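J.: After the sequence you'll find the predicted model.
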Amino acid sequence: MDTLDGMKTVVAVVETNSFTAASERLGMSKALVSKYVGEVESGLGIRLFNRTTRQLALTDAGKSYYEHSLNLLEQFSAMVDNVTGEQTSPRGTLRVSAPVTFGEMKLSPILPKFLAMYPELNVEVRVTNNSIDMVEEGIDVRLRIGGVADSNMIARHIRTFPLILCASPTYLDNHGIPESPECISQHTCIIDSNFRVGKQWPIILKNGDARTINVKSHIAVNSPKAVQEIAIAGGGIAMIPEFIVEDSIKRGELITILPDCTTLEFGLFAIYPHRKYVSRKVRCFIDFVLKEFST
């Protein structure tokens, strides 16, 4: 067993609190993870973990070993990058998390371009709208719409996505086009339950005046893609991120309402652990998404 492999294995076990989860993160068998941890303990003459059939607890010595291993692994990665500089392509596996709709519609189409630039990298993408523990789940970069309050993480702003109001031509033919924010309260609306505003939609006029409109709705769904499909089917007025509906608007399936007004907007952030050294593969990915999405 290589010393670095031993350190990486112990770090993975500590951060996932599981030999099984560590094996999945490292791409090796659970038996090999257990073997490596045992060899580290044997070589040091100490116990890193107290194991029972139901619990895995880090010893004081294990905590010290973990903290020093993190520091040494960061220094090793920094040394490799400093020595190789820009002469070699980043390599290894980059694990990225993204919201479901954004990951499917915006991130996935540009991944082949990223891999063409860095052919020695492998990318694993996890699309989810649930909260995740980046360290425990081994995620290198999380793309998130909305900020982050965790002081252990760095949030790099990529761009801002506005929401727009829209509806299908059929719905507007049958119910009329709202000519002011107040008129929207007389229409049927589609609620995206991901937004905390619920049935109280904030709308800002061209002159900067703000309105809060109480809307009527008979349907709520926690997927912006589903909101789009309901709107296309004539289900009412939707408040939805522009990047999701821009193609539907170009095809004439949806029509923008009150184009001179604005409503909510959300920032897209690249989030990664707050550590002294950020690996080159992470830096390359963040630079790439900044270039792709900043315009």
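T.: Okay, I see it. Computed from a prediction, not measured in an experiment: that's the story for all the values here.
J.: Most remote residue from the middle of this protein, which is it?
T.: When distances are taken from the C-alpha mean of the chain, Gly45 lies farthest, 41.0 Å away, according to CA atoms, centre = their mean.
J.: In terms of pLDDT, where does that residue sit?
T.: For Gly45, the pLDDT comes out at 87.
J.: State the distance from it to Ala61.
T.: Per CB to CB, to the nearest Å, Gly45 is found 10 Å from Ala61. Quick note: C-beta positions are derived from backbone N, CA and C, even for glycine.
J.: Same check on Arg51?
T.: Relative to Ala61, and taking CB to CB, Arg51 is found at 14 Å.
J.: swap in Gly146?
T.: Gly146 is 40 Å from Ala61, by CB to CB.
J.: neighbour count winner among the two?
T.: More crowded of Gly146 and Ala61, by other CB atoms under 10 Å: Ala61, with 15 against 12.
J.: wait, the more buried one sits on Asn50?
T.: No. At 10.7 Å, Ala61 and Asn50 do not qualify as touching, with contact defined as CB atoms under 8 Å.
J.: quick one: low-confidence parts of this structure?
T.: 1, 53, 80-88, 147-151, 275-276, 295 (pLDDT under 70).
J.: mind listing the strands in it by residue range?
T.: With strands called from DSSP state E, the chain shows them at 49-51, 56-58, 92-98, 121-127, 141-145, 153-167, 188-192, 200-204, 210-214, 216-221, 237-241, 255-257, 265-273.
J.: Go ahead and produce CSV holding the CA coordinates of the last one.
T.: Written as CSV, here are the backbone C-alpha positions of strand 265-273 (Å, rounded to 0.1, in the frame of the first residue of the first chain):
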residue,chain,number,x,y,z
GLU,A,265,-33.8,36.9,-9.8
PHE,A,266,-31.3,34.3,-8.5
GLY,A,267,-27.6,34.0,-8.6
LEU,A,268,-25.7,31.0,-9.9
PHE,A,269,-22.8,30.1,-7.6
ALA,A,270,-19.9,27.6,-7.8
ILE,A,271,-19.4,26.3,-4.3
TYR,A,272,-16.3,24.5,-3.0
PRO,A,273,-14.7,23.8,0.3
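J.: Residues touching that strand, excluding its own?
T.: With contact meaning CB atoms under 8 Å, 6 or more residues apart in numbering, strand 265-273 is reached by 102, 134-135, 140-148, 152-163, 241, 278, 282, 285-286, 289-290, 293.
J.: got the phi/psi numbers for Glu264?
T.: Small correction: residue 264 is Leu, not Glu. Torsion angles at Leu264 (phi, psi; degrees, to the nearest 10) stand at phi -60, psi 160.
J.: contacting residues for it?
T.: Leu264 is in contact with 162-163, 195, 197, 202, 239, counting by CB under 8 Å, 6+ apart.
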